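Q: attaching a predicted model along with its sequence, questions to come.
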Amino acid sequence: APPPALPGDLLLLALRRSRSSASFSRSTTTVQSIDCRTHHTSRALPCRRSVLLFSDHSQNRPTASLIGRVLLFHSSAIMGQGQGKNPAAGEGGAAAAPTSSAGTDANAVEAVVAKVGDLKDGEMREVEVGSGKALLVFSGGEYSAIGHKCSHYGAPLAKGSLCNGRVRCPWHGACFNVKTGDIEDFPGLDSVPQFGVRIDGEDIVVTASEAALADFRRVANMADPKADDGRVFVIVGGGGAAMSCAETLRQEGFTGRILMFSQEESLPYDRPKLSKALSSTADALALRKQAFFDQHGIEFSGGKTAVSVDASAKSVSFADGSSQTYDHVVFATGGSPRSCECTGADLEGIHLLRTVPDGNKIAASVEGKNLVVVGSSFIGMEVAACLLSKAASVTVVGRSAIPFAASLGKEIGQGILKMHEDKGVKFHLGKTVSEFIGEGGHVTSVKLSDGETLLADVVVCGLGVTPTTSYLKGVEGVSFSNQGSVVVDSTMRAAGDIFVAGDIAHFPLPLAESNVTIGHWQLAGFLGRTAALGMLDKAGKTVETVPFFWTQMFGKSLRYAGYAHGYDDVIIEGSPDELKFAAAYLKGEKVVAVAAMGMDPIVSRAADHLLAGTMPSAADVRANPQALLAN
């Protein structure tokens, strides 16, 4: 039996041939790869740790018995970690990408999933492996296999977009490295499993553990906190940016304390779901459970509202009178919902939507009642769609003549308006609220700017948000945009040891060629990770992402990628009235954004093109709108 490997090291066995020695030798060395050659196979096994090498120098090639013993002893390790070229393909042939996945599992299964040549370069396919499935990818002349579902909501990745070594989810734009399964853009926090691939003659063989096949999510490796690491990194905020920041710190090897302070009592949760499912509990929406925080040393404190920052003392003060010092701090406090500034706005029955308790209170009060939604924003329209089946009536009051006309264009806005009207939602557009009228302290009606009065038992105001940044006012070196968000550089640094992420960051976006403030859930995760890398001095010089947004109403999803502020034209292929279209937003000679309904994965593909700089020109799209549908 071979001696055990050093603690924590991976033990691999390989055979090598030599004509210069007649003895059987044993040695330990550190290598980058092991060239493993048998009668009919050639594989390079990647390895960065101590490796025990067994060599038989007594013959020109290994004996059959020795081959059998070694391959039997470590067959799963070799299959799960091989990088193989098809012998018949020669030096330029297809290869299996280096992997390190679950092939070492005692319950590993393997399956022939395709033949060499079945996939063209740049193609991917969902394949069956044992009782589960994998995503087989052929990219850059190499085969690789990862989990077949997006770790966010479980979308089939085979229907997504493959570009530059990563696959982008067709639903919400999360990106995964096709060789490692690591998540590289958001939403979602988890990576996907990575499986072993080898080429056996003309067969492509995938090896995976039953456990990895059963769970399409994989939590990345994280460092454990150490008592002798005295550094304290503070995160003020409890949303997607805060959670992404905390996890990235641990993934990047930070072993000091991570303290997270949130104004809300609940752990960070999936906020975009709230306006679509108002009765959801915080636990049901939680991004991570308490056990995760405990396991990875992320110390969470709820009910903490930041009120001031002393940059010289490196201290944050909270409304409850407490304070916390830091080595680095990131603020990711998001926005505060705007209220209606008119008479009667303090009546009972008038609600703002920001938190889980807000949503639960609205859902509990609307059954059989007359609901008025003030604001035809995405939040307002999602709430109207969510509550239509519960309320006696739903009426939306909006300042604009057509919802979303400014952001999506009149045709698309009209199509979404028609969808709501067809379902029974009533609209009073081009109007504002002048007064809320009540009896006994509770709202009973809403008076509009044209004098009309609407019955209202419940009112929800969906008028957007303002950045929650007042605690940073007066801090030396911190500057603000006209909207109140905090100006940061590409590392999310605002000043000194102060970083800002998420909806309150005014950051440099290459696509916009300027600093921007964008309240997208995908960006919150990306900027949170960027802030963590910034605190560790690992951030890049540019923010390499494309804003990706989605909304869902009445079971129909609209997706949007890019940044089209100030666009001067929109080209539509398809029919907004039928809720099946793709739209390109043009600014000068560039396509700066794409939106679509019912035409996946066009928006994910557009995001890849925008990031890679390969998007068709405005002239191309004008001449041929179907260019939007091309690969």
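A: That came in fine, so what should we check first?
Q: hey, let's count contacts and neighbours off CA atoms from now on
A: Will do.
Q: ramachandran coordinates for Arg542?
A: Slight slip there: residue 542 is Thr, not Arg. Here is the backbone geometry of Thr542 (degrees, to the nearest 10): phi -140, psi 160.
Q: from Leu527, how far off is it?
A: Applying CA to CA, to the nearest Å, the value for Thr542 to Leu527 is 12 Å.
Q: the more surrounded of those two?
A: The residue with more neighbours, out of Thr542 and Leu527, is Leu527; 29 against 14, by other CA atoms under 10 Å.
Q: may I have stretch 162-179 exported as CSV, CA atoms only?
A: The C-alpha trace of stretch 162-179 is given here as CSV (Å, rounded to 0.1, in the frame of the first residue of the first chain):
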residue,chain,number,x,y,z
LEU,A,162,-22.2,31.0,-24.3
CYS,A,163,-19.5,33.6,-24.8
ASN,A,164,-15.8,33.9,-24.0
GLY,A,165,-15.6,30.8,-21.7
ARG,A,166,-18.7,31.4,-19.7
VAL,A,167,-22.4,30.7,-19.9
ARG,A,168,-25.0,33.4,-19.1
CYS,A,169,-28.4,32.5,-17.6
PRO,A,170,-31.3,33.1,-20.0
TRP,A,171,-33.6,34.5,-17.3
HIS,A,172,-31.7,36.9,-15.2
GLY,A,173,-28.1,37.1,-16.6
ALA,A,174,-26.0,35.3,-14.0
CYS,A,175,-22.7,34.1,-15.5
PHE,A,176,-20.8,30.9,-14.8
ASN,A,177,-17.3,29.9,-15.9
VAL,A,178,-17.7,26.8,-18.1
LYS,A,179,-14.5,25.2,-16.9
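Q: so where's the protein uncertain?
A: Residue ranges of the chain with pLDDT under 70: 1-94, 98-106, 631.
Q: can you map out the helices along it?
A: 64-81, 210-214, 240-251, 282-285, 290-295, 356-365, 378-387, 405-408, 410-423, 521-535, 602-612, 618-623 (DSSP state H).
Q: shouldn't Ser144 be in contact with Val178?
A: Yes - under the criterion of CA atoms under 8 Å, Ser144 makes contact with Val178 at 6.5 Å.
Q: what is in contact with the two at once?
A: Counting by CA atoms under 8 Å, 6 or more residues apart in numbering, the shared contacts of Ser144 and Val178 are Val137.
Q: follow-up on the earlier one: pipe the helices of the chain into TSV and attach distance to Gly441 per row.
A: Converted to TSV, the helices of the chain look like this (distance: least, CA to CA, whole Å):
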stretch	distance to Gly441
helix 64-81	68
helix 210-214	54
helix 240-251	37
helix 282-285	30
helix 290-295	40
helix 356-365	16
helix 378-387	24
helix 405-408	36
helix 410-423	31
helix 521-535	37
helix 602-612	47
helix 618-623	56
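Q: give the contact list for the residue lying closest to Gly230 once chain neighbours are set aside.
A: Leaving aside its sequence neighbours, Gly230 sits nearest to Gly256 (CA to CA, 6 or more residues apart in numbering; 6.0 Å). For Gly256, the contacting residues are Pro225, Lys226, Ala227, Asp229, Gly230, Arg231, Val232, Phe233, by CA under 8 Å, 6+ apart.
Q: mind giving me the ChimeraX select for these, buried ones only?
A: Command for ChimeraX that selects the buried part of those, burial taken from 16 or more other CA atoms under 10 Å:
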select :225,231,232,233
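Q: before we move on, back to that, so which of the helices of the chain comes closest to Gly574?
A: helix 410-423 (10.7 Å; CA to CA).
Q: that closest one packs against which elements?
A: helix 405-408 (3 or more CA pairs under 8 Å, 6 or more residues apart in numbering; DSSP states H and E).
Q: neighbours of Tyr153, how many?
A: Residues near Tyr153, counting by other CA under 10 Å, number 12.
Q: from Val129, how far out is it?
A: Tyr153 is 22 Å from Val129, where distance means CA to CA.
Q: can you name the residues that contact the closest residue to Leu586 other than its chain neighbours?
A: Spatial nearest neighbour of Leu586, excluding adjacent residues (CA to CA, 6+ apart): Asp569 at 5.1 Å. By CA under 8 Å, 6+ apart, the residues touching Asp569 are Tyr585, Leu586, Lys587.
Q: and those as JSON lines, adding neighbour count and distance to Leu536?
A: Converted to JSON lines, these look like this (neighbours: other CA atoms under 10 Å; distance: CA to CA, whole Å):
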{"residue": "Tyr585", "neighbour count": "26", "distance to Leu536": "37"}
{"residue": "Leu586", "neighbour count": "23", "distance to Leu536": "38"}
{"residue": "Lys587", "neighbour count": "17", "distance to Leu536": "37"}
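Q: so which of the residues you listed are in strands?
A: Residues of the contacts of Asp569 located in strands (DSSP state E): Tyr585, Leu586, Lys587.
Q: what's the closest of those to Lys473?
A: Distances from Lys473 to the ones in strands among the contacts of Asp569, taken by CA to CA, are shortest for Lys587, at 35.2 Å.
Q: so what's the residue count around the closest residue to the closest one other than its chain neighbours?
A: Distances taken as CA to CA, 6+ apart place Tyr567 nearest to Lys587, at 4.8 Å, with adjacent residues excluded. Neighbour count of Tyr567, defined by other CA under 10 Å: 20.
Q: could you do Glu589 as well?
A: Glu589 has 11 neighbours, counted by other CA under 10 Å.
Q: quick check: it vs His328, distance?
A: The spacing between Glu589 and His328, counted by CA to CA, is 42 Å.
Q: now Met553
A: On the measure of CA to CA, Met553 and His328 end up 40 Å apart.
Q: for Val446, same thing?
A: Going from Val446 to His328 by CA to CA gives 48 Å.
Q: try Ile258
A: For Ile258 relative to His328 (CA to CA), the value is 10 Å.
Q: please enumerate the shared neighbours of these two.
A: With CA under 8 Å, 6+ apart as the test, Ile258 and His328 both reach Val232, Phe233, Val234.
Q: let me have those residues in CSV, adding distance to Ala494 as columns.
A: Converted to CSV, the shared contacts of Ile258 and His328 look like this (distance: CA to CA, whole Å):
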residue, distance to Ala494
Val232, 18
Phe233, 16
Val234, 15
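Q: from the contacts of Gly256, which ones fall inside strands?
A: Judged by DSSP E, these include Val232, Phe233 as members of strands.
Q: and which of the contacts of Gly256 is nearest His351?
A: Once CA to CA is applied, the member of those that ends up nearest His351 is Phe233, at 35.4 Å.
Q: that closest one touches Thr255, doesn't it?
A: No - contact criterion CA under 8 Å: Phe233 and Thr255 do not qualify, at 10.2 Å.
Q: what is the neighbour count of the closest residue to Lys226 other than its chain neighbours?
A: Leaving aside its sequence neighbours, Lys226 sits nearest to Thr255 (CA to CA, 6+ apart; 5.4 Å). Using other CA under 10 Å, Thr255 is surrounded by 22 other residues.
Q: cool, and the one 4 residues further on?
A: Summarising burial for Leu259: neighbours were counted as other CA under 10 Å, giving 19.
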